[in-house]
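Asker: Sequence below, structure please.
(chains A and B)
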Amino acid sequence: MRRVLNYLIGRLLLTVPMIFILLSLVFVVLRVMPGDPVSAMLGGHAPDSVIEKKKLELGLNKPLGAQYVDYLGQLARGDLGKSMIFEEPVWTSISAKLPATLELTFFGLAVCLGLGVPLGVRAARNRRNGHDFGIRLYANVVYCIPVFWLGLMLQMIFGVFLGVFPIAGRTGSRVISSEFDTTGLYVIDTIIHGDIGALGDVLFHLALPALTLGITLSGVFVRLTRANMLDTLKADYVLASRARGISENKVVYGHALKNALIPIVTMLGLQFSALLAGAILTETTFSWPGMGRLLLERIYLRDYPVIQGVIVVYALLVTLVSLAVDLVYAAIDPRVEL
Amino acid sequence: MKRIFTALMVLALALVVSSCGGKGSSGTIVYGTTDKVSDMDTANAYDFHTWEIFQNINKGLLTYTPGTTEVIPGLAESYTVNDKGDEYTFKLRKGLKFTSGKEFNADAVKWTIDRAIALKGDPSWLITDYVREVQVVDPLTVKFVLKGPTAYFPTMVAGCPPYFPLDPSVYPVDKVVKNPSELKGGALVGLGPYKCTSFKRDEEVVLEANPNFYGDKPKIKKVIIRYFADATTMRLALEKGEIDLAFKSMNPSDINDLSKNDKLNTFKMPGPFIRYLTFNCDVSVFKDKRLRQAVSALLDRKEINEKVFLGQNEPLYSMVPQGMIYAQQNFKDEPGDANVAYAEKLLKAAGYSAKKPLAFDLWYTPSHYGDTEVNMAEVVKAEIEKTPLVKVTIKSAEWATYKDQWRNKQMACFFLGWYPDYIDPDNYTAAFAGTNGAIGNGIYFSSKMWDDLFTKEQTVSDPKVREELFAKVQKMWVDEVPTSPIFQGNLYVFTKKNVQGVNIGPTLIFNYDQLHFEKK
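Answerer: Here you go, the predicted structure:
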């Protein structure tokens, strides 16, 4: 336990320099990029005196180094700052959109693993026959497909032609989310409120975006699962299990898959950042009001603090997921030492 | 495994059935748009969509008959003007209350104007350029003392949200409100036919009928505005029936397809918004007006409209759009469209040749005006380069950078658009060729003669005299060419078959309270 705690502390401390470097890069790139947030905010008719006053208020007239030091000081106090455009705390802007992204990412991951792992297992069990070929083809194709294209295709086919699923938003157009919005995670909120109709509506709206995100990432997991299963199915203990008369399903799922899962769990940590990147495009395609859309819109507006804040949150999320993956890895494989 | 699968299928079926009921109401309309809301404060918001919301939750002392340019009493039951034309006295309606419950009176009017002046927001010039002060005569009488006679002042009071009274007990006097949550009570407060009951930026704005509204109550009790990230998704949502109405901004191909869809209504209305080519008349090559004349003469407005917008807009031959009073078409007769010979004559006179062509950057902004901008830039480049005496390089910048660059005089020639602040040809002329207006739009054109003309048309009330003045200004425009008009936009609203009452007139005001469902 002590070792786990030490490991956790060590990993969290390593996050600090990582975020520092990332933020510094983003800070500099944003400020040397052409485009002035004050002009974006105030428009073409604002008098010069008003523009200068606004720049003074926002500290944009200071040298870059001074602005950087001010920002680091603010961060050290746990303050992400205020939006330059809407003047609300950055955390308020982010926390309003973060649950939407978390919900989409969670269900996207569920689809990804729900497709990737079983298909990988099936491909390994049917090595070199039609099933294996078809599944490997699927994995290669979905790996190459741009996520926004798949989103558009799913919208057209299942949303428009077949009319099965809605094509945009988190809720039905006549459902007012503020009536049940508690945590921002609508699946949980509708359960808390006992509103089964709204729960169904929310899940239906999640279907296409989650499928889009999950399918495009599932290809990696199909190939990885297949490769690992092929290795584990050749192991002596598997042969021994079969020899003892244990059913094939138990051998595959009860023994072989458990060992094959270890690298898959590791890959999950690595792919999480790809999941977040994919979420940005998916959110745009499905008008999903998450952090990805927030980031895109604030880049257009040159809202520096919000852009930086979103990057920090993304970095923290990736770090936390990687850390969780390492802990799970150690938990499921006693051979692994933290 | 099979039991788990069966249980999941039963749960899914239950969810499907339960979600099918829906919470729809025949008194609710869902309106989809790709536009965005900016600041929820009339003192600072200066964009089309936010103004549209204000025009439904607030009201001016005067207003328009829906779909027309006829100014009628609003929150004021009448007004008088002094002989000089620089004092407007409004008699307010009795017994009106804000949606907060607070009584509306002359103090609220004065407070609103004084606040807008003090905050110096983007649209504050609409007040500060005209209003010297506001005086409370009595609780129901308020006087606007103007800086000079202004014939079109009623149109500003009727159509410009900075003039719409706010509740002093709710709005902070010293800062711009970005979100309704900053207000006392956490909600926007107004005197219009609707009140805002839910606001989630970039997701939804919900308006419900205001029971305190002085006029006819809206037939549609609830309007839900849904924000889409892109036009294609919005189009699909409309075709699928997820939304009842879609307005701004559709791609030309989507407009074409939706117009042919028998299951939808297409409302096409002439719009007073214009697009034009802007020249930096100060520091660039275009300081020489011959070059402005030449480039302008090379434009083929019909071709731009056909190729880029599939014929959905109207070529524009004056900065004053057709349908506006005193509008003419001076650019049509001379030099007309694609007049290469005329342009080459001017270019040669300025010292350019095929060996030494006029080279300049043509700028556009890729998303602010829609996805067609790059196409328009390419078509215009091809038109201008029909003569070997000109060489054009297309460049682009996102809106924030674009604005920055025009302020810093870094763009010699660029595209802009204009939605009117008030319905008068002054807003299409002085705003670009008056010294102050030209600076704000990156044109930097300045002429005392022009400024004097604008001052005269702003202060004279005789329509005949104003008509002569605007005829002169539009004729002079062809000679000086501070900007070159390209097209005048049409407005397209698409609705489900049973939705009626879409009536957006030349004022561009979309009155939600006119919408209704047609009973079959």
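Asker: Can you tell me the element the closest residue to chain B within the stretch 51-200 of chain A falls in?
Answerer: Nearest residue of the stretch 51-200 of chain A to chain B, counting by C-beta to the nearest C-beta: A:Gly200, 2.9 Å away. From N, CA and C alone the C-beta is placed, and that goes for glycine too. Here A:Gly200 sits within helix A:196-233, counting by DSSP states H and E.
Asker: what does the stretch 151-300 of chain A have sitting close to chain B?
Answerer: For the stretch 151-300 of chain A, the residues in contact with chain B (C-beta under 8 Å from any C-beta of the partner chain) are A:152, A:155-156, A:159-160, A:163, A:166-170, A:172-178, A:196-201, A:203-204, A:283-287, A:289, A:293-294, A:297, A:300.
Asker: quick one: which of those sit in helices?
Answerer: A:152, A:196-201, A:203-204, A:283-285, A:293-294, A:297, A:300 (DSSP state H).
Asker: residues of whatever helix or strand B:Lys395 lives in that come out buried?
Answerer: B:Lys395 belongs to strand B:390-396 when assigned by DSSP H and E. Residues of strand B:390-396 classed as buried: B:Val390, B:Val392, B:Ser396 (neighbour count, 16 or more other C-beta atoms under 10 Å in any protein chain shown).
Asker: Among the residues you listed, which one sits closest to A:Asp70?
Answerer: B:Ser396 (32.7 Å; C-beta to C-beta).
Asker: May I have the predicted confidence score for that closest one?
Answerer: For B:Ser396, the model assigns a pLDDT of 93.
Asker: What residues sit buried inside stretch A:123-130?
Answerer: Applying 16+ other C-beta under 10 Å to stretch A:123-130 flags A:Ala123, A:Ala124, A:Arg125 as buried.
Asker: now the angle from the next helix or strand after the helix holding A:Gly200 to helix A:196-233?
Answerer: Using DSSP H and E, the helix or strand that follows helix A:196-233 in sequence is helix A:236-243. Relative orientation of helix A:236-243 versus helix A:196-233 (axes from the mean of the first three to the mean of the last three C-alpha atoms, to 10 degrees): 100 degrees.
Asker: so how far is chain A from the residue most central in space within chain B?
Answerer: With distances taken as C-alpha atoms, centre = their mean, B:Tyr419 lies nearest the centre of chain B, 3.3 Å away. Applying C-beta to the nearest C-beta, to the nearest Å, the value for B:Tyr419 to chain A is 13 Å.
Asker: Now for that residue: which residues touch it?
Answerer: B:Phe48, B:Pro272, B:Phe273, B:Leu508 (C-beta atoms under 8 Å, 6 or more residues apart in numbering or on different chains).
Asker: Model confidence at the closest residue in space to the first one that isn't next to it in sequence, what's the number?
Answerer: In other words, B:Phe48. Spatial nearest neighbour of B:Phe48, excluding adjacent residues (C-beta to C-beta, 6 or more residues apart in numbering or on different chains): B:Tyr419 at 5.1 Å. Listed pLDDT for B:Tyr419 reads 87.
Asker: Centre of the chain to the helix or strand B:Thr278 falls within, how far?
Answerer: B:Thr278 is part of strand B:264-279, with elements assigned from DSSP H and E. Distance of strand B:264-279 from its chain centroid, counting by C-alpha atoms, centre = their mean, to the nearest Å, is 10 Å.
Asker: what do you get for stretch B:252-262?
Answerer: Between the centre of stretch B:252-262 and the centre of its chain there are 23 Å (C-alpha atoms, centre = their mean).
Asker: Also stretch B:153-172?
Answerer: Chain-centre distance of stretch B:153-172: 17 Å, with C-alpha atoms, centre = their mean.
Asker: CA-only coordinates of it, as PDB, when you get a sec.
Answerer: Only the C-alpha atoms of stretch B:153-172 are listed here, as PDB (Å, rounded to 0.1, in the frame of the first residue of the first chain):
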ATOM      1  CA  PHE B 153     -34.100  59.000 -35.400                       C
ATOM      2  CA  PRO B 154     -37.500  57.200 -35.000                       C
ATOM      3  CA  THR B 155     -36.100  54.200 -37.000                       C
ATOM      4  CA  MET B 156     -33.200  53.900 -34.600                       C
ATOM      5  CA  VAL B 157     -35.500  54.000 -31.600                       C
ATOM      6  CA  ALA B 158     -37.700  51.400 -33.200                       C
ATOM      7  CA  GLY B 159     -35.100  49.000 -34.400                       C
ATOM      8  CA  CYS B 160     -31.800  49.400 -32.400                       C
ATOM      9  CA  PRO B 161     -31.700  47.300 -29.200                       C
ATOM     10  CA  PRO B 162     -29.300  49.800 -27.400                       C
ATOM     11  CA  TYR B 163     -32.400  52.100 -27.200                       C
ATOM     12  CA  PHE B 164     -34.600  49.400 -25.700                       C
ATOM     13  CA  PRO B 165     -35.300  50.100 -22.000                       C
ATOM     14  CA  LEU B 166     -33.700  47.900 -19.300                       C
ATOM     15  CA  ASP B 167     -34.800  47.300 -15.700                       C
ATOM     16  CA  PRO B 168     -32.400  49.400 -13.600                       C
ATOM     17  CA  SER B 169     -33.000  47.200 -10.600                       C
ATOM     18  CA  VAL B 170     -31.700  44.100 -12.400                       C
ATOM     19  CA  TYR B 171     -28.900  45.200 -14.700                       C
ATOM     20  CA  PRO B 172     -25.600  46.500 -13.300                       C
END
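Asker: circling back: any bit of the strand holding B:Thr278 sitting next to chain A?
Answerer: No: using C-beta under 8 Å from any C-beta, strand B:264-279 stays clear of chain A, coming no nearer than 11.1 Å.
Asker: Which SSE is immediately downstream of the lowest-mean-pLDDT helix or strand in chain A?
Answerer: When the helices and strands of chain A are scored by mean pLDDT, DSSP states H and E, helix A:37-42 comes last with a mean of 66. Once helix A:37-42 ends, the next helix or strand along the chain (criterion: DSSP H and E) is helix A:48-58.
Asker: what ranges do the helices span in the stretch 51-200 of chain B?
Answerer: B:106-119, B:125-128, B:153-159 (DSSP state H, counting those that start in this stretch).
Asker: so where is chain B shaky, pLDDT-wise?
Answerer: B:1-26, B:520 (pLDDT under 70).
Asker: again, 50 this time
Answerer: Within chain B, the segments meeting pLDDT under 50 span B:17-18, B:20-25.
Asker: got it, and chain A?
Answerer: For chain A, no range has pLDDT under 50.
Asker: Quick check, central residue of it?
Answerer: Compute the mean C-alpha point of chain A, and by C-alpha atoms, centre = their mean the closest residue is A:Leu276, 2.9 Å away.
Asker: circling back to that earlier point, if you rank the contacts of B:Tyr419 by neighbours, which is first?
Answerer: B:Pro272 (25 neighbours; other C-beta atoms under 10 Å in any protein chain shown).
Asker: For B:Phe48, see how far away that residue is.
Answerer: 11 Å (C-beta to C-beta, to the nearest Å).
Asker: what residues are shared contacts of the two?
Answerer: Taking C-beta under 8 Å, 6+ apart as the contact rule, B:Pro272 and B:Phe48 both touch B:Tyr419, B:Leu508.
Asker: quick one on the thing from earlier: which pair of the ones in helices among the residues of the stretch 151-300 of chain A next to chain B spans the longest distance?
Answerer: Of all pairs in those, the most separated under C-beta to C-beta is A:Ile196 and A:Tyr300 at 39.0 Å.
Asker: May I ask which helix or strand encompasses B:Phe414?
Answerer: Secondary structure (DSSP H and E) places B:Phe414 in strand B:413-418.
Asker: thought A:Trp91 was touching A:Lys82?
Answerer: No: using C-beta atoms under 8 Å, A:Trp91 is not in contact with A:Lys82; the gap is 9.6 Å.
Asker: the more surrounded of the two?
Answerer: The residue with more neighbours, out of A:Trp91 and A:Lys82, is A:Lys82; 20 against 17, by other C-beta under 10 Å.
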